[in-house]
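> okay, sequence plus prediction incoming.
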Amino acid sequence: MKKQIRKAVIPAAGFGTRFLPFTKAVPKELVPLVDKPVIQYVVEEAVAAGIDQILIVTSSGKNAIQDHFNRTGDLERRLEETGKTALLEELRAISSLADIHYIYQQELNGLGDAVLCAKSFVGDDPFAVLLGDTVLDSSTDVTVTGQLAAAYAEVESPVTALEPVPMERISRYGVMDGEQAGEALYKVRGWIEKPAPEEAPSNLAIASRYVFTPDIFAALARTPRGKGNEIQLTDAMRLLLAERAMYGLRIAGKRYDLGSKLGFLTGTVEFGLRRPEFREAFAAFLKEIARGL
Ligand code: UTP
């Protein structure tokens, strides 16, 4: 098995019911953080980790995702004519980020089913999975996918990103049961879906990024429909765990779930405050608002 991760799968086919009515006609993966859609952050994270082949899993009504990564001749010509060269370069860079492929998830049977759509794209290689509606902001100069890829090169087994979450919120997440095997590395004993705080084996929640080996596909193929009548990725991971070693990595970074309305609001504030051109005015505005709270 190769040690380097060259391929990534980005599931982006889901309905996005948590963000209705916005997601009725617009994919939630195109929700912006300031001025860039979530899925562009996701693609850039993968590319920065050395990945050059990307498969985006889409579905009906989500063609705008492809439009975002394709060249736009008319718009480019207009920017050229009006001398907006910096913007032109920025737009051109989006289309040359990576070799991006698309596959259609015929029926929205859940995240596990979306990953299964990538079977022939992946072949015999290890690969990363990055959820298309979630930004992982690394606190080091290595992206979270880069952190997972480095851990994979060491253990040559699947590695899942883990983020510590407060115990009062633990029952919203898939949680790892395991023992520490390195500074931030854990050997996994079990994956527990949405435990009550008193039953949670740890405070480490699955954080929207994974590195898998191709044996996940056989596990997915025999995963029965679970919660919500969907094929759950976590259920397949539990089946796989009976057969092989799996690891979790406590990531250096923070997750922003843009598939939720509150995640969008808080993410917008944090990312907005980081932008030098808005920082001062935006901070003053927020202070003003906070006085009235
Ligand atoms: P979510 O768990 O947020 O599910 O998906 P969802 O159905 O999209 O959204 P809600 O819960 O109804 O609001 C996590 C990621 O997996 C993709 C989504 O597009 C998202 O990027 N996904 C989910 C698929 O690609 N296919 C599916 O069948 C479900």
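Received the coordinates, thanks.

> how about residue 30, what does it touch?
Each residue near residue 30 by Cβ atoms under 8 Å, 6 or more residues apart in numbering is listed here: 37-39, 64-65, 68. Placement of C-beta: from N, CA and C, glycine included.

> for the nearest residue to residue 99 once chain neighbours are set aside, grab phi and psi.
Of all residues not flanking residue 99 in the chain, residue 53 sits nearest, at 5.2 Å (Cβ to Cβ, 6 or more residues apart in numbering). Backbone dihedrals for residue 53, given as degrees, to the nearest 10, come out at phi -130, psi 120.

> before we move on, back to that, turn the contacts of residue 30 into JSON lines, columns for neighbour count, secondary structure and distance to residue 161.
Supplementary listing: the contacts of residue 30 in JSON lines, determined by neighbours: other Cβ atoms under 10 Å; DSSP: H, G, I helix; E, B strand; the rest coil; distance: Cβ to Cβ, whole Å:
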{"residue": "37", "neighbour count": "23", "secondary structure": "strand", "distance to residue 161": "21"}
{"residue": "38", "neighbour count": "27", "secondary structure": "helix", "distance to residue 161": "16"}
{"residue": "39", "neighbour count": "26", "secondary structure": "helix", "distance to residue 161": "18"}
{"residue": "64", "neighbour count": "14", "secondary structure": "helix", "distance to residue 161": "27"}
{"residue": "65", "neighbour count": "23", "secondary structure": "helix", "distance to residue 161": "23"}
{"residue": "68", "neighbour count": "18", "secondary structure": "helix", "distance to residue 161": "25"}
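
> keep only these that also lie close to the ligand.
Taking Cβ under 6 Å from any ligand atom as the test, the ligand is in contact with none of those.

> need the max-distance pair from those residues.
Largest separation among the contacts of residue 30 by Cβ to Cβ: 38 and 64, giving 12.7 Å.

> any chance of TSV for the contacts of residue 30, columns pLDDT?
Putting the contacts of residue 30 into TSV (pLDDT from 0 to 100) gives the following:
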residue	pLDDT
37	97
38	97
39	97
64	95
65	96
68	94
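
> follow-up on the earlier one: near the residue nearest to residue 99, how many other residues are there?
Using other Cβ atoms under 10 Å, residue 53 is surrounded by 17 other residues.

> that one is in contact with residue 98, isn't it?
Yes - judged on Cβ atoms under 8 Å, residue 53 makes contact with residue 98 at a distance of 6.9 Å.

> any common contacting residues for the two?
Counting by Cβ under 8 Å, 6+ apart, nothing touches both residue 53 and residue 98.

> residue 256 and the ligand, how far apart?
For residue 256, the distance to the ligand equals 13 Å [Cβ to the nearest ligand atom, to the nearest Å].

> ditto for residue 87
For residue 87, the distance to the ligand (Cβ to the nearest ligand atom) stands at 28 Å.

> give me the secondary structure label for that residue.
Three-state call for residue 87 (DSSP: H, G, I helix; E, B strand; the rest coil): helix.

> just checking, it touches residue 80?
No - using Cβ under 8 Å, residue 87 is not in contact with residue 80, being 10.1 Å away.

> wait, residue 233 sits on residue 111?
Yes - taking Cβ under 8 Å as the definition, residue 233 is a contact partner of residue 111 at 4.6 Å.

> so which of those two has more stuff around it?
Between residue 233 and residue 111, counted using other Cβ under 10 Å, residue 233 has the larger neighbour count: 29 against 21.

> so who does that one touch?
For residue 233, the contact set (Cβ under 8 Å, 6+ apart) comprises 110-112, 115, 129, 210, 220.

> residue 180 too?
Residues in contact with residue 180, defined by Cβ under 8 Å, 6+ apart, are 186-187.

> before we move on, what about residue 146?
Residues counted as contacts of residue 146 (Cβ under 8 Å, 6+ apart) are 48-50, 138.

> and the pLDDT for the closest residue to the ligand within the chain?
Residue of the chain nearest the ligand, by Cβ to the nearest ligand atom: residue 14 (1.8 Å). Listed pLDDT for residue 14 reads 96.

> excluding sequence neighbours, find me the nearest residue to the residue minimising distance to the centre of the chain.
Geometric centre of the chain, nearest residue: residue 131, 2.8 Å, by Cα atoms, centre = their mean. What sits nearest to residue 131 in space, not counting adjacent residues and going by Cβ to Cβ, 6+ apart, is residue 208, at 4.1 Å.

> ok, now residue 227?
Nearest residue to residue 227 in three dimensions, chain neighbours excluded: residue 193, at 7.0 Å (Cβ to Cβ, 6+ apart).

> likewise for residue 80?
Closest residue to residue 80 apart from its sequence neighbours, by Cβ to Cβ, 6+ apart: residue 88 at 6.0 Å.
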